[in-house]
Structure formats: C-alpha cells, structure tokens
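Undergrad: Provided below are the primary sequence and the corresponding predicted coordinates.
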Amino acid sequence: MDLPAAVRDALATTAAHLTGPVLGNSFDVNFGFSGMAKFAAELRDGRTRKGWARRFGDPAGHEHAMRRLAACLEREYTAPGATRPLYADFLDEAATALTAPALTEAARLFRESGQTWSTLAAHATAAALDDDLRAWCDHAADLVDTALTAERAATAHFTPA
C-alpha cells in the first residue's frame, strides 16, 4: 500500500465533501460548509418558519431541538466535538506521513472547531425554556460561524507539497 497516496486521497475526499456535493442530490445543501452556513442562517432567521426561534419556539419543540442538537454534536453517529478532535489526530499523523507541517496547523484548527462544537452542545444542554430563544439562537449561530471559519482555514492546508 502506498500510504502517502492513501493519505492524500483521504485529504482530497474530506476537502471535496466539505466544499462540494456529497450525495449528488438536493440534500447536499445540508452537508459540509454549505450545511454549516445554512444552519447558522436558520438560527439567525427570526422572520420565517424555517428559523429556529419560530420552528422550535414552543416548549416541546424547544426541548426536543436542544436535546437532539447536543446528542448529534457529541454522541450519536459522532464523537465528542462533532468528531473534529479525532480528525485532528488523523491530520497530525498525516503531517508526519507526508512530511507536511501545514497539516499540523490544520489539526490545530480542527481541534479548535471541535471545542466550538462542544461549546454549542453544552449551550444547547444548558438552554432553559425561559431563556430568550432569539438571543440563544444568535449566540449559537456565532458559534457555528466560528467553527466554519476554522474548518475553512484548516482545509486550506490540505494540499501538502
């Protein structure tokens, strides 16, 4: 097996899935960077029924949304930090395998993003029904934007020499 080629292929696949279509259908907007941007926009949307404050404003919806958000970022079909810290470990190993120090910086950025996703999960877990949901959503959107910025910067390091 050609380990460097396999690592480069894995990096290219990750970058492609973060920046472009994954499934090749209308659900692609929900994945990768476009999905993160869409999520932040829906969190900030205070006008339409797609906005989180309206969609999950009633007590049952609010409780369910917060519980699911925390679970999806930390436990279900993922690892803590939305799996970013685990991916950062891979990037550290890839940096060694490819002699590509830029991947160490990408790993740092994915760890930073993972911490941000964990903060969002904790923010959801701590959300109370009497909280100002609009303010909660704005803060959550800021966290998503922070993670998105870190991950975009990280993928810029995926083309080792």
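TA: Good, I have the coordinates.
Undergrad: Quick one: low-confidence residue ranges for the protein.
TA: Applying pLDDT under 70 to the chain picks out residues 160-161.
Undergrad: Can you show me the helices along it?
TA: 3-19, 32-44, 52-55, 59-74, 84-97, 102-126, 133-155 (DSSP state H).
Undergrad: Now render these as CSV, adding mean neighbour count and distance to residue 26.
TA: Glycine gets a C-beta too; all of them are placed from N, C-alpha and C. Converted to CSV, the helices of the chain look like this (neighbours: other Cβ atoms under 10 Å; distance: least, Cβ to Cβ, whole Å):
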stretch, mean neighbour count, distance to residue 26
helix 3-19, 15, 17
helix 32-44, 18, 12
helix 52-55, 19, 19
helix 59-74, 16, 21
helix 84-97, 19, 26
helix 102-126, 20, 25
helix 133-155, 19, 21
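Undergrad: Nearest to residue 25, out of those?
TA: Among the helices of the chain, helix 32-44 comes nearest to residue 25, with 13.4 Å by Cβ to Cβ.
Undergrad: Can you name every helix or strand that the closest one contacts?
TA: helix 3-19, helix 52-55, helix 133-155 (3 or more Cβ pairs under 8 Å, 6 or more residues apart in numbering; DSSP states H and E).
Undergrad: what residues does that helix touch?
TA: Helix 32-44 is contacted by residues 17-20, 22, 28-30, 50-52, 55, 137-138, 140-141, 144-145, 147-148, 151-152 when judged by Cβ atoms under 8 Å, 6 or more residues apart in numbering.
Undergrad: and with 7 Å instead?
TA: Helix 32-44 is contacted by residues 17-19, 22, 29-30, 50-52, 137-138, 140-141, 144-145, 147-148, 152 when judged by Cβ atoms under 7 Å, 6 or more residues apart in numbering.
Undergrad: on that earlier part again, determine which of the helices and strands packed on helix 32-44 approaches residue 45 most closely.
TA: Nearest of the helices and strands packed on helix 32-44 (Cβ to Cβ): helix 52-55, 7.3 Å.
Undergrad: Verify the contact between residue 62 and residue 129 for me.
TA: Yes. Using Cβ atoms under 7 Å, residue 62 makes contact with residue 129 at a distance of 6.0 Å.
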